[in-house]
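1. Would you be able to build a 3D model of this:
(one chain, ligands or ions: 1)
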Amino acid sequence: MSRLIVVSNRVQPPSGGGEGNQGGLSVALSAALREYSGLWFGWSGQTTESFTGQISIQRTEGVTTATVDIEEQDVDEYYNGFANRTLWPLFHDRIDLAEYERGFQGGYQRVNDRFADTLEPLIEPGDLVWVHDYHLIPLGQALRARGIRNRIGFFLHIPWPPRQILLSLSSHKELVEALFEYDVVGFQTAVWLESFLDYVTHEMDGVVGEDGLVTAGGRTIRAIASPIGIDGEAFAAMADGPRARAIYDRMMVSANGRAMILGVDRLDYSKGLQERFVGYERFLADRPERAGGVFLLQIAPPSREDVQSYQEIRAELEASSGRINGAFADIEWVPIRYVNKGYPRDQLAGIYRAARIGLVTPLRDGMNLVAKEYVAAQDPSDPGVLILSRFAGAALQLGAAVLVNPYSAEEISDAIDQALSMPLDERIDRWTQLMDNVMREDVMWWRRTFTDALEAPLPDAEQLSAKGETATGPKF
Ligand code: GDG
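-> Numbering: from 1, shown residues only. Below is the predicted model of the structure:
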C-alpha cells in the first residue's frame with residue numbers, strides 16, 4: 001500500500017483517550033493516517049524569528065507528524081490575512097467582510113512555497129499526497145514546480161462560492177488554475193462541486209466530462225464530491241462511556257427537569273449564532289407557556305481572535321445573550337447559558353446526549369461535524385431532535401433532521417416548538433435514518449472515497465477531447 005502524506009495548515013495530533021480538544025478535522029485526519037503508513041505535515045502553531053524549514057517529527061498514537069514553525073509575518077499575512085480575512089469570508093458568501101490586501105496574497109504564496117520546499121525532500125516515489133483546505137490551494141502547484149510527479153489530491157473543507165462572488169477576488173483565476181495542478185479535487189457536497197464547475201466552464205472554457213473528469217488549460221483533473229464524516233462508532237461508544245456519563249448526570253441535575261437545547265460551534269460569524277439567539281428569543285416571546293421549560297446552552301470556544309470581525313461577533317453575542325437573559329430571566333431560571341470555552345471531546349459527547357434538541361444553524365457551512373456528532377451521541381431508546389440549517393453541507397445527507405432557514409427567526413422558533421412536542425416514535429424514526437447515514441458515510445468511508453479517486457488512473461487531455469466532450473458537456 002502507498003504511503004499517505006497528509007498536509008494541512010495546522011497539525012493537531014491525538015492527545016490521548018478522547019480527552020483532548022482536537023477538533024473534528026484533526027480527529028478525521030488522525031483516523032485516516034492510522035490506516036495508512038505515512039505522515040501528517042503542517043504548521044506547528046508556533047512562530048520563529050526567521051523561517052528555517054527545520055522539521056520536528058513526532059509519533060503519537062500511531063500517527064507520525066512533521067511540523068514547522070513559521071514567522072510572525074507569515075501568521076499575519078497568510079493565516080490571519082489571506083486565509084482568514086480574505087478567503088474564509090468570501091467562500092462563506094460574506095463579501096462585506098472580505099479584506100483584500102496585496103501583502104496577504106504575497107504571504108499566502110510565500111508560506112505555500114516554504115511548505116513545498118520543506119515537504120519536497122520527504123516525498124518518496126509512490127507516495128500519495130493529500131492536501132487539505134483553503135490555506136493551501138497553491139501547494140500542489142508549488143510541489144509540481146519542484147519536480148514532484150506523485151499523485152496529489154486536494155480537499156476543500158469549506159463551501160466553494162458562487163461564481164459571481166469568486167469573481168470579486170482579483171486573483172480568482174490564479175487560484176483556480178492552481179487547482180488544476182492536482183490530480184483530484186474534492187468538495188464536501190454536489191452543491192459546492194457544481195459551483196466550481198460553473199466557474200470552470202464559464203471563466204476558463206473548461207470541459208466537463210464523465211466520471212468527474214474536468215479539463216481546462218490543457219490539464220485534466222477529477223473533481224468529486226466526497227462528504228466528510230465522523231467516526232460514528234467511536235463517538236457513540238464515547239457518549240456511553242464513563243466520562244461522558246458523569247457529565248451527562250451533572251447536566252441532568254442542573255437542567256432540573258427542563259429540556260436542554262444545545263449549540264456547539266467555534267465562535268465564527270458563519271455559524272449563525274446571532275441569528276440563532278434571535279430565533280430562540282422569538283420562541284421565548286411567542287410561546288411563554290413553554291419558555292420556562294427549556295434553556296439554551298451555547299458552547300462557543302473563541303477562534304481567530306486576532307481577526308477584527310471575530311472580535312466584533314464576540315462582542316455582539318455577549319450583548320445579545322445579555323439582553324435576552326435580561327428580558328426573560330427569572331430568579332431561578334436563565335434562558336441562555338452562553339459559555340466561551342471548549343470542553344474535552346468525551347465530555348462534549350455526554351453533553352450532546354443530555355440535550356433534547358441539537359440546534360445547528362450555520363448560515364453557510366462546508367459540512368458541519370457537530371450535527372453528525374450530536375446524532376451519534378444520542379440514546380437510541382430516547383433520542384433528541386436535530387434542528388439543522390438547510391445551508392450546512394450536512395443537510396444533504398441528514399434530510400431526516402428538522403431542516404430550517406437559519407435567517408428566519410420564525411422558522412427557528414417553530415422548529416424548537418415542533419421538536420419539543422415530537423412524539424417518541426417520530427424521534428426514533430428520524431434518528432434511525434440520521435444515524436444510518438452517520439454510520440454508513442463515516443470518516444473511513446470519506447477517506448476511502450477520496451483515496452480511491454486519487455489512485456484511479458486519469459486519462460490525458462487529448463483522450464478526453466478525442467471523445468468530443470464540449471464546454472457545455474454533461475454536468476454531474
Ligand atoms: C471546518 C468546516 C467542516 C467544537 N467545540 C468544541 C469542540 N468542537 C469540535 C466539534 C467538531 C469541530 O470542533 C467543529 O467542526 P465543524 O465541522 O462543526 O466546523 P469547523 O470548525 O468550521 O470545520 C466545516 C469541517 O471543517 C470538517 O471538514 O465540517 O464545514 O467549516 O468536531 O466537536 N471540540 C472539543 N471541545 C469543544 O468545546 N473537544
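
2. Now stretch 428-437: buried residues?
-> By neighbour count with 16 or more other C-beta atoms under 10 Å, stretch 428-437 contains the buried residues 430-431, 434-435, 437. All C-beta atoms are positioned from the backbone trio N, CA, C, and that covers glycine.

3. Equivalent analysis for stretch 49-65, please.
-> Judged by neighbour count (16+ other C-beta under 10 Å), stretch 49-65 contains these buried residues: 51, 55, 63, 65.

4. Residues in contact with it: which ones?
-> 11, 13-16, 30, 33-34, 38-41, 44, 66-71, 74, 114, 117-118, 122 (C-beta atoms under 8 Å, 6 or more residues apart in numbering).

5. Take the residues you listed and keep only those in helices.
-> Among the contacts of stretch 49-65, the members falling in helices (DSSP state H) are 30, 33-34, 74, 114, 117-118.

6. secondary structure class for the closest residue to the ligand within the stretch 151-300 of the chain?
-> Nearest residue of the stretch 151-300 of the chain to the ligand: residue 157, at 3.6 Å (C-beta to the nearest ligand atom). Secondary structure, DSSP: H, G, I helix; E, B strand; the rest coil: residue 157 is coil.

7. Run a quick check on it versus residue 136, I expect a contact.
-> No. With contacts counted by C-beta atoms under 8 Å, residue 157 stays clear of residue 136, the gap being 11.0 Å.

8. Could you list the low-confidence segments of the chain?
-> Residue ranges of the chain with pLDDT under 70: 14-24, 460-476.

9. What is the lengthiest helix in it packed up against?
-> Longest helix in the chain, counting residues (DSSP H): helix 308-328. Packed against helix 308-328 by the contact rule (3 or more C-beta pairs under 8 Å, 6 or more residues apart in numbering; DSSP states H and E) you find helix 273-286, strand 336-339.

10. on that earlier part again, and of the buried residues of stretch 49-65, the nearest to the ligand?
-> The ligand has its nearest neighbour among those in residue 63, at 17.0 Å by C-beta to the nearest ligand atom.

11. Can you name the residues bridging to that closest one?
-> Residue 63 forms beta bridges with residue 60, as assigned by DSSP bridges.

12. hmm, back to that, between the longest helix of the chain and helix 273-286, how big is the angle?
-> Here helix 308-328 runs at an angle of 10 degrees relative to helix 273-286 (axes from the mean of the first three to the mean of the last three C-alpha atoms, to 10 degrees).

13. Filter the contacts of stretch 49-65 down to the buried ones.
-> For those, buried by 16+ other C-beta under 10 Å: 11, 13-14, 30, 33, 38-41, 44, 66-71, 74, 114, 118.

14. related to what we said a few turns ago, redo the ones in helices among the contacts of stretch 49-65 as TSV? Include distance to residue 262.
-> What follows is these, written out as TSV (distance: C-beta to C-beta, whole Å):
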residue	distance to residue 262
30	25
33	30
34	30
74	37
114	41
117	45
118	41
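
15. so which pair among the residues you listed is furthest apart in space?
-> Using C-beta to C-beta, these span at most 29.9 Å, a distance reached by 34 and 74.

16. Which parts of the stretch 101-250 of the chain are strands?
-> Secondary structure of the stretch 101-250 of the chain, counting by DSSP state E, counting those that start in this stretch: strands at 128-132, 151-155, 184-187, 207-208, 213-216, 219-225.

17. Sweet, I'm off.
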